[in-house]
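Enquirer: only the shape, not the letters, is given here:
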């Protein structure tokens, strides 16, 4: 299946995300407290620095060495140590439990099982798991029975998350929805 993603603004990084299931999973790991573009470009940066995105190599590296790769300017995340450790932990789970490929993890019989598998990964809570289920369903063609229900509101049509970004216009719409949701949350808290 040929797919095109537009998540980073960089053709090479988007091509990696569109073709490598490990890249899309690791990009989702990084997707917090940085822009979506920065997070999802992270796997391409790692691939460039390591000569490829090899989760077995990442899993086997001494943690300090891998964190140093993540922290090399420009760092892959604003918190390169903690996110490097989390990336490595996810890579270790992929190697230990999924044959070194997120494709095996994604090959779930139901959306509920896919979400359960994602929730079991280091750093994946309910919302992050739902967003990745939605991204996989909407843009990767990973559509096990019940995937939209497992994705919650992120499985609906609209502009709620990275799952709905297909171009610059949809990115702007997602950002506007997120900004409005944050403003509403601040208003109700205050």
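Expert: Sure, I can see it. Here the structure is a predicted model, which means the values were calculated and not measured.

Enquirer: list the buried ones in the helix or strand that contains residue 127?
Expert: If you go by DSSP states H and E, residue 127 is part of helix 126-135. For helix 126-135, the neighbour count (16 or more other C-beta atoms under 10 Å) marks 128-135 as buried. C-beta: built from backbone N, CA, C; applies to glycine.

Enquirer: also stretch 23-41?
Expert: For stretch 23-41, a neighbour-count test (16+ other C-beta under 10 Å) marks 23-32, 34, 36-41 as buried.

Enquirer: centre of the chain to stretch 15-25, how far?
Expert: On the basis of C-alpha atoms, centre = their mean, to the nearest Å, stretch 15-25 sits 9 Å off its chain's mean C-alpha point.

Enquirer: to clarify, my last question referred to stretch 163-183.
Expert: Averaging C-alpha positions (C-alpha atoms, centre = their mean) puts stretch 163-183 17 Å from its chain's average.

Enquirer: what do you get for stretch 114-129?
Expert: On the basis of C-alpha atoms, centre = their mean, stretch 114-129 sits 11 Å off its chain's mean C-alpha point.

Enquirer: what's the answer for stretch 176-184, then?
Expert: Remark: stretch 176-184 is offset 21 Å from the chain centroid, using C-alpha atoms, centre = their mean.

Enquirer: also stretch 108-125?
Expert: Relative to its chain's centre, stretch 108-125 lies at 13 Å (C-alpha atoms, centre = their mean).

Enquirer: strands of this protein, start to end?
Expert: In the chain, no strands are defined using DSSP state E.

Enquirer: would you indicate which residues of the lengthiest helix in it are buried?
Expert: Criterion DSSP state H: the longest helix present in the chain is helix 168-189. For helix 168-189, burial by neighbour count (16+ other C-beta under 10 Å) applies to 171, 173-174.

Enquirer: just stretch 88-107 next, same as before
Expert: Neighbour-count burial for stretch 88-107, with 16+ other C-beta under 10 Å as criterion, is recorded at 88-95, 98, 100-103, 105-106.
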